[in-house]
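Quick one, structure for this:
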Amino acid sequence: MEITETLALTRLGVSLLLGGAIGLERMIHKHPAGMRTFMLICIGSTLATLASIYICQTNTDLINGDPGRIAAQILTGIGFIGAGLIIKTHDGVSGITTASCIFVTAAIGIAVGVGMLLTAAAVTVVVLVILTSGYYRKKQKS
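As a prediction, this is how the structure comes out:
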């Protein structure tokens with residue numbers, strides 16, 4: 001499928017909604033990375049993925065054109081950001097869930113960028129179920 005401006009804008013819109021849904025859940029529960037952060041991560045990874053596909057699509061003379069390279073670099077960069085969020089204290093470790101959410105949100109953005117809209121939406125729902133079930137478990141312990 002050819003990447004057109006309309007297709008790209010549609011996928012970026014979907015990406016904003018999916019990233020925003022995860023970010024809204026994090027914001028409601030007062031976590032440091034909120035809606036804007038997750039929206040930016042999701043739309044950024046979608047845009048980079050779309051650009052990598054578009055480059056290969058429009059420059060057919062590229063010998064080593066591989067759209068997967070940019071996706072791999074997105075995940076590497078997000079891994080670096082996520083590692084910076086994890087903090088070890090004498091009480092334990094914090095930030096692991098936020099780092100994981102950032103990673104999966106970038107992956108959702110990549111999925112949207114390559115056109116896996118239904119899969120990306122399904123994974124977003126699964127992430128929200130996982131996150132909200134954690135709060136339910138905490139309430140039960142209290």
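
where exactly do the strands run in the chain?
Applying DSSP state E to the chain gives strands spanning 87-89, 92-94.

Okay, now the sheet partners of the last one, with direction.
If I follow you right, that is strand 92-94. Note on strand 92-94: by DSSP bridges, its sheet partners are strand 87-89 (antiparallel).

show me what contacts residue 47?
Residue 47 sits next to 8, 12, 113 when contact means C-beta atoms under 8 Å, 6 or more residues apart in numbering. Bear in mind the C-beta positions are built from the backbone N, C-alpha and C, glycine included.

likewise residue 18?
Contacts of residue 18 by C-beta under 8 Å, 6+ apart are 42, 105, 108, 109, 112, 120, 121, 124.

just the helices in the protein please.
5-28, 35-58, 68-85, 96-114, 117-141 (DSSP state H).

Can you lay out the ones you listed as TSV showing mean pLDDT?
Shown next, in TSV, are these (pLDDT from 0 to 100):
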stretch	mean pLDDT
helix 5-28	97
helix 35-58	94
helix 68-85	90
helix 96-114	96
helix 117-141	86
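
Highest mean neighbour count out of those?
helix 96-114 (a mean of 23; mean count of other C-beta atoms under 10 Å).

Can you get me the centre-to-centre distance for stretch 12-20 and its chain?
Counting by C-alpha atoms, centre = their mean, to the nearest Å, stretch 12-20 is centred 9 Å from the centre of its parent chain.

As CSV, could you dump the C-alpha coordinates of it?
C-alpha atoms of stretch 12-20 as CSV (Å, rounded to 0.1, in the frame of the first residue of the first chain):
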residue,chain,number,x,y,z
LEU,A,12,-1.1,9.7,12.8
GLY,A,13,-4.7,10.5,14.1
VAL,A,14,-5.2,6.9,15.2
SER,A,15,-1.8,7.0,16.8
LEU,A,16,-2.7,10.1,18.8
LEU,A,17,-5.9,8.4,20.1
LEU,A,18,-4.2,5.2,21.1
GLY,A,19,-1.2,6.9,22.8
GLY,A,20,-3.7,9.3,24.4
